[in-house]
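Peer 1: Quick one: sequence plus predicted model below, questions after.
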Amino acid sequence: MWEHRAVIAELRPGLYRWTGPHPAWTPDAEPGGPLDWPELVGSVAVATEAGLVLVDAQLPPDPEAIWPELDELVAAHGPAVTLLTTMRFHRRSWRQLVDRYSARHRKGRDADVPGVEPFVVPDADEAMLWLPGPRALVPGDRLIGDGAGGVRVCPASWLDYLPAGLDVDGLKERLRPLLDLPVELVLVTHGEPVLEDGHAALSKALA
């Protein structure tokens, strides 16, 4: 059972992350299968000149556990709030957040907020978000935690639904332009985030 603790962590000035249980998590999922991910998934918030941006935001089962902290972030960095989703499966709690904060909702590829740059991954049904201020990369499903402090590309089974027939090697090729960015943090949805030396972790994942 998820319990409220200090939910929202500030990783860098104006950059925040919290975790909560995924409603479709399956404890006995086949390893490497399409449902194989950790129970807790991450959400990101970043303060920009245009207000607060929430990326792939998911509320906990009891939203009252997190509303006070989110309200404080909006009060400090809003009142404008924009919700961005990196991919179709990460719309999650957008309706509740739109209703509470009169927020805009955009696909990541259509991000139009200063300080937030989309990185559209060709043929991969995803637009990662690059935050140049804190040098943070926010992927959706195509980069995940590797369980050892780094990142890796997603399992091949997570790509099976794509009409382009993308495989893991093809995904790595499409992600290599990320190495041109001075990445310090990789704030994955699935698994533990990389909070320092993100470029090295990314290089290893794409080798």
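Peer 2: Thanks, I have the structure now.
Peer 1: Only alpha carbons, please: show the longest strand anywhere in the chain as PDB.
Peer 2: The strand spanning the most residues in the chain, taking DSSP state E as the definition, is strand 40-48. The C-alpha trace of strand 40-48 is given here as PDB (Å, rounded to 0.1, in the frame of the first residue of the first chain):
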ATOM      1  CA  LEU A  40       6.300   2.900  -8.700                       C
ATOM      2  CA  VAL A  41       6.500   5.300 -11.600                       C
ATOM      3  CA  GLY A  42       7.900   8.800 -11.700                       C
ATOM      4  CA  SER A  43       6.400  12.200 -12.500                       C
ATOM      5  CA  VAL A  44       8.300  15.500 -13.100                       C
ATOM      6  CA  ALA A  45       7.500  19.100 -12.400                       C
ATOM      7  CA  VAL A  46       9.700  22.100 -13.600                       C
ATOM      8  CA  ALA A  47       9.300  25.800 -13.100                       C
ATOM      9  CA  THR A  48       9.600  27.800 -16.300                       C
END
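Peer 1: which residues touch residue 52?
Peer 2: 45-46, 73-74, 77-78, 80-82 (CB atoms under 8 Å, 6 or more residues apart in numbering). All C-beta atoms are positioned from the backbone trio N, CA, C, and that covers glycine.
Peer 1: that's a strand at it, yeah?
Peer 2: Yes. Remark: residue 52 belongs to a strand, assigned using DSSP: H, G, I helix; E, B strand; the rest coil.
Peer 1: the helices in the chain, which residues?
Peer 2: If DSSP state H is used as the criterion, the helices of the chain fall at 67-77, 94-101, 168-175, 198-206.
Peer 1: Pull out the buried residues from the longest one.
Peer 2: Of the residues in helix 67-77, 69-70, 73-74, 77 count as buried by neighbour count, 16 or more other CB atoms under 10 Å.
Peer 1: any low-confidence regions in this protein?
Peer 2: The model of the chain has pLDDT under 70 over residues 1-6.
Peer 1: let's see it at 80
Peer 2: Along the chain, segments meeting pLDDT under 80 span 1-6, 23-25, 29, 35-36.
Peer 1: Residue 19: how many residues sit nearby?
Peer 2: 20 (other CB atoms under 10 Å).
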